[in-house]
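Enquirer: pasting the sequence and the predicted coordinates here, then a few questions.
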Amino acid sequence: MTIRQANYNDISAMAQLLSELFTIEDDFVIDTNKQICGLQLLLQHSDTIVLVAETSEHLIGMVSMQPLISTAMGEWVGLIEDMIVTSDFRRMGIGKLLLGAMIEESKRLGYGRLALGADIRNESAIAFYRTFGFETSNMGLMYFTS
């Protein structure tokens, strides 16, 4: 198993991973065309990082990070999204490797903080993120769709 930067050839497999992720999270709707468009946008921008976990046969996980400027921190921060390891490969340490690699990328980029959203009902995900030092914030995510 390897962790590497995603590329355009990975988009179809990553869209499948997002479909699996979105079945876990009620806030999102599976729309493969939209997910493919989003993945293409991520890969087009040099300031985003998309990492995948790959076996010799196929992609088994992914995570993405985008830069933001935090006025509270007075510096660049990273927003982590789309963290998923396919169900057959969970609890094997792959998520730890993916998130650990992304944290290293954030350090390399000089980000002062990382943020991520997690479904508050997904206790195992929250416990997983806490093992890396992520803390629950009082700032809840809200969405407006135009």
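Expert: Thanks, I have it. Residues are numbered from 1 along each chain as shown.

Enquirer: please make it C-alpha for all contacts and neighbour counts, starting now.
Expert: Will do.

Enquirer: how about Leu114: what's its closest non-neighbour residue?
Expert: Distances taken as C-alpha to C-alpha, 6 or more residues apart in numbering put Gly78 closest to Leu114, at 4.7 Å, once the chain neighbours are dropped.

Enquirer: quick check: the one you found is in a helix.
Expert: No: looking at Gly78 with DSSP: H, G, I helix; E, B strand; the rest coil, it is strand, so not inside a helix.

Enquirer: identify the bridge partners of it.
Expert: Taking DSSP bridges, one obtains Pro67, Leu114 as the residues bridged to Gly78.

Enquirer: I'd say it and Arg108 touch.
Expert: No: Gly78 is not in contact with Arg108 according to C-alpha atoms under 8 Å; the separation is 11.6 Å.

Enquirer: any weak-confidence spans in the protein?
Expert: In the predicted model, the chain carries pLDDT under 70 at residues 25-27.

Enquirer: about what we covered before: more neighbours, Gly78 and Arg108?
Expert: Higher neighbour count among Gly78 and Arg108: Gly78, with 27 against 9, using other C-alpha atoms under 10 Å.

Enquirer: got a list of what the more buried one touches?
Expert: For Gly78, the contacting residues are 65-68, 106, 111, 113-115, by C-alpha atoms under 8 Å, 6 or more residues apart in numbering.

Enquirer: who wins for neighbours among these?
Expert: Of those, with other C-alpha under 10 Å as the count, Met65 tops at 25 neighbours.

Enquirer: okay, now the closest residue to that one other than its chain neighbours: neighbour count?
Expert: Nearest non-adjacent residue to Met65, counting by C-alpha to C-alpha, 6+ apart: Ile80, 4.3 Å away. Residues near Ile80, counting by other C-alpha under 10 Å, number 22.

Enquirer: thought Leu116 was touching Ile80, still the case?
Expert: Yes: under the criterion of C-alpha under 8 Å, Ile80 makes contact with Leu116 at 4.9 Å.

Enquirer: where's the residue lying closest to Ala13 once chain neighbours are set aside relative to Ile120, distance?
Expert: Excluding its sequence neighbours, the residue lying closest to Ala13 (C-alpha to C-alpha, 6+ apart) is Leu59, at 6.4 Å. With distances taken as C-alpha to C-alpha, to the nearest Å, Leu59 is found 27 Å from Ile120.
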